[in-house]
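A structural model of the following input is requested.
(one chain, ligands or ions: 1)
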Amino acid sequence: MNSEKIVKILFAASEMYPLIKTGGLADVAGALPDALLNAGAEVRVVLPSYRGVVEQLDSVEELISLGDIGLSPAVGEVKVLQGTLSSLKTIIWLIDCPAMFERDGGPYQDENGEDWEDNMLRFALFSKAIAMLGVMGEQSGWQPDIIHLNDWQTGMVAAWLHSWNVQQPKTVFTIHNLQYQGVFPAESLARIGLPQELYSIDGLEYYGQISFLKAGLYYANQITAVSPSYAQEIQSAEMGMGLEGLLRSRRESLCGILNGVDSVQWNPATDRVLHTNYSKNSLAKRLQNRNELKARIGLRDGQGPLFGLVSRLTSQKGIDLFVEAAPALLNAGAQFAVLGSGDSDLESALLQLAREWQGEFAVEIDYDESLAHLFMAGSDLLLVPSRFEPCGLTQLYALRYGALPLVRRTGGLADTVDKQSGFLFENIDSGELQECMFTALNSYRDSLQSGSGEWEQRQQYAMEQEFGWGKSAQNYIECYRALGADLIE
Ligand code: ADP
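Alright, predicted model coming up:
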């Protein structure tokens, strides 16, 4: 193998910051490709051309037409557009198919929060187009050595490549969240034109249906999860979501690589949306951000500490545990700021607390990127009480901004927060969460009252933790090379 050859990676994702984002995957797709490029790889990112994406690009042109790509019902001509974004070095490819992607609403759900009814067809189309790009280097002018797949929306790429007996790139499939499995009726196979023989327990079959996620887990050459702990946890019946057997059987090809933080986007010394910039040597300035945050969301002056929470509001994130645990802390004078949106029952429970504890417990039911930055700069602690957490990014942002994370010891949270940089509790239990919050509250107040500076020392230690993308990119490149990424000429 010639280690001098530049590895070419087609990085496939269904969302990418700043073009389209619902969660951590977008942050990864917006940062890892440039980190891979800086580490010496050649990279293209490919994502669906959702409404509004083209308009955000600085330049765009048609790269190639894939024609009618043979799904039923027919979806019309599929084109690949090539574009650039001034904030990114990586070239962007968009799969353009107006019937599937040109609509109002989110990438996976309509404006009412319901999954799009045709998600099966939409992401089958996306995946087939990516697979075609993997074997059409002569026509597109760029032949990838590796296709890096992310989550269920891209899982079927591996199934298509498997079904084509031609020279093809190797595939790496990254699990960002095993809970979302892309499960559809078995008849879907005929509609998307894949051979019926793939409908097998040794293939796409999943409890009488087919799973796009399983396609990636079964057929990709290598699997990664976004933290070493999560890579282990998902091999257990407790956390494998029905796929633990398959994951155990593939354990030789499964590793964990931690996500990083985009240190340009998330830097308290230069972050333009903060009230006041600061560093670990000027922590007193954080106070102005806390005051700004309190004013923005309607919190009174209080003894503190101020607990922040920025999250999708779902059961995964342990929001119900938080709702149970918070009142005792409020009685003790703690304050809370919550930013999130998601399940309506969790939204209601939080709004109810905000009504009962006006001025002490504030909730913004919203998705607001700049407010999330102010939360990191203004909160004393950031809560992440997740039931499971593949990697988690908010605790990494919190560390960089000197808000000490209070997390459940699971997945990527266990891999990135220690007793000095934050607070950890063990079990999915609101009592344990509450106890841990009291420990944090007491530690905060003791430090303040005694003037020991212990809290500031912990903040400084937290801010010194290194979670850059450089190391992750190196790990991914090793993973590509181990697959013989240099073999395609
Ligand atoms: P997940 O991908 O499971 O939602 P992560 O912690 O990996 O969790 O990533 C979540 C990302 O989404 C972070 O960048 C976080 O700041 C952001 N985020 C979540 N909820 C909100 C919100 N309501 N407003 C702004 N940003 C949010």
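
Look at the nearest residue to Pro144 once chain neighbours are set aside and report its pLDDT.
With CB to CB, 6 or more residues apart in numbering as the criterion, Pro144 has its nearest non-adjacent residue at 3.9 Å, and that residue is Leu10. C-beta: built from backbone N, CA, C; applies to glycine. In this model, Leu10 is scored at 98, pLDDT.

Equivalent analysis for the one 3 residues further on, please.
Here the pLDDT value assigned to Ala13 is 98.

Same check on Ser72?
pLDDT recorded at Ser72 is 84.

Pull the contacting residues for it.
Ser72 makes contacts with 190-193, as judged by CB atoms under 8 Å, 6 or more residues apart in numbering.

Identify the residue of the stretch 51-200 of the chain closest to the ligand, quick one.
Per CB to the nearest ligand atom, Asn177 is where the stretch 51-200 of the chain lies closest to the ligand, at 6.1 Å.

hang on, the earlier thing: what sits against the residue nearest to Pro144?
With contact taken as CB under 8 Å, 6+ apart, Leu10 is in contact with 43-44, 46, 93, 130, 133-134, 144, 146-148, 169.

Can you flag which of the residues you listed belong to helices?
Residues from the contacts of Leu10 lying in helices, with DSSP state H as the criterion: 130, 133-134.

By neighbour count, which of those wins?
Leu133 (27 neighbours; other CB atoms under 10 Å).

And that one, how far from Ile147?
Separation of Leu133 from Ile147 (CB to CB, to the nearest Å): 8 Å.

And the contacts of stretch 283-292?
Contact partners of stretch 283-292, identified using CB under 8 Å, 6+ apart, comprise 274-278, 306, 374, 377-380, 402, 456, 459-460.

Mind checking which of the contacts of Ser72 are buried?
Buried subset of the contacts of Ser72 (neighbour count, 16 or more other CB atoms under 10 Å): Ile192.

so what's Ser229 up against?
Per CB under 8 Å, 6+ apart, neighbours of Ser229: 256, 410-412, 414-415.

Can you tell me the SS state at it?
Under DSSP: H, G, I helix; E, B strand; the rest coil, Ser229 falls in the helix class.

Same question for Leu406.
Here Leu406 is recorded as strand under three-state DSSP.

Run through the residues that contact it.
Each residue near Leu406 by CB under 8 Å, 6+ apart is listed here: 307, 381-385, 422-425, 436-437, 440.

and of these, the nearest to Trp116?
Nearest to Trp116 among these is Val384, at 29.1 Å by CB to CB.

Excluding chain neighbours, what is closest to that closest one?
Once flanking residues are discounted, Val384 sits nearest to Val407: 4.4 Å by CB to CB, 6+ apart.

who's that neighbour bridged to?
Val384, Leu424 (DSSP bridges).

Check it and give its pLDDT.
For Val407, the model assigns a pLDDT of 98.

So it is in contact with Ser421, correct?
No. If you go by CB atoms under 8 Å, Val407 and Ser421 don't touch, sitting 10.1 Å apart.

Comparing the two, which residue is more hemmed in?
A direct count of neighbours by other CB under 10 Å for Val407 and Ser421 places Val407 higher, at 29 against 20.

any idea of the mean pLDDT for stretch 274-292?
In this model, stretch 274-292 carries a mean pLDDT of 97.

What is the burial count for Gly30?
24.

one step back: now, the contacts of stretch 283-292 that are in strands?
Counted as lying in strands by DSSP state E, out of the contacts of stretch 283-292, are Leu306.

Quick check: Ala398 vs Arg51, distance?
33 Å.

Give me the more crowded residue out of those two.
Ala398 (30 against 13).

Would you mind listing the buried residues in the helix or strand that contains Leu371?
Using DSSP states H and E, Leu371 maps to helix 369-378. By 16+ other CB under 10 Å, the buried positions in helix 369-378 come out as 371-378.

Report all helices and strands that it contacts.
helix 286-297, strand 306-313, strand 335-342, helix 394-401 (3 or more CB pairs under 8 Å, 6 or more residues apart in numbering; DSSP states H and E).

Point out the most buried one among those.
For the helices and strands packed on helix 369-378, the largest average neighbour count (mean count of other CB atoms under 10 Å) is found in helix 394-401, namely a mean of 26.

Give me the pLDDT value at the closest residue to the ligand within the stretch 1-150 of the chain.
Per CB to the nearest ligand atom, Gly24 is where the stretch 1-150 of the chain lies closest to the ligand, at 2.4 Å. Gly24 is assigned a pLDDT of 89 by the prediction.

now do Asn2
The model reports Asn2 with a pLDDT of 47.

do the same with the one 5 residues further on
The predicted local confidence for Val7 comes out at a pLDDT of 92.

so Glu123 is in which element?
Check again: residue 123 is Phe, not Glu. helix 119-134.

what pLDDT, on average, does that helix get?
Mean per-residue pLDDT for helix 119-134: 98.

Show me which positions of it end up buried.
119-134.

now the contacts of Ser72 in TSV, with pLDDT?
As requested, these are arranged in TSV below (pLDDT from 0 to 100):
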residue	pLDDT
Ala190	93
Arg191	93
Ile192	94
Gly193	93
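
What's opposite Lys170 in the beta bridge?
Here Lys170 sits in beta bridges with Ile146, as judged by DSSP bridges.

whoops, I mixed them up, Lys79
For Lys79, the beta-bridge partners are Ser65, Asp96 (DSSP bridges).

Run through the residues that contact it.
62-66, 96-97.

Also Trp164?
Counting by CB under 8 Å, 6+ apart, Trp164 has contacts 131, 135.

Arg44 contacts Trp142, correct?
Yes. Taking contacts as CB under 8 Å, Arg44 lies within contact range of Trp142: 6.6 Å.

sorry, back to before: chain center to the helix holding Phe123: distance?
Once both centres are worked out by CA atoms, centre = their mean, to the nearest Å, helix 119-134 turns out to sit 21 Å from its chain's centre.

How about the very next helix or strand once past it, which residues are buried there?
Going down the chain from helix 119-134, the next helix or strand is helix 137-140, by DSSP H and E. Going by neighbour count (16+ other CB under 10 Å), the buried part of helix 137-140 is 137, 140.

before we move on, what about stretch 39-55?
By neighbour count with 16+ other CB under 10 Å, stretch 39-55 contains the buried residues 39, 41-50, 53.

And for stretch 460-476?
461-463, 465, 467, 469, 472-473, 476.

residues making contact with that stretch?
31-32, 34-36, 38-39, 41, 148, 172, 224, 257-263, 279-280, 283, 396, 398-402, 404-405, 416, 420-422.

tell me the domain ranges of the protein?
8-260+470-482, 283-466 (automatic domain parsing).
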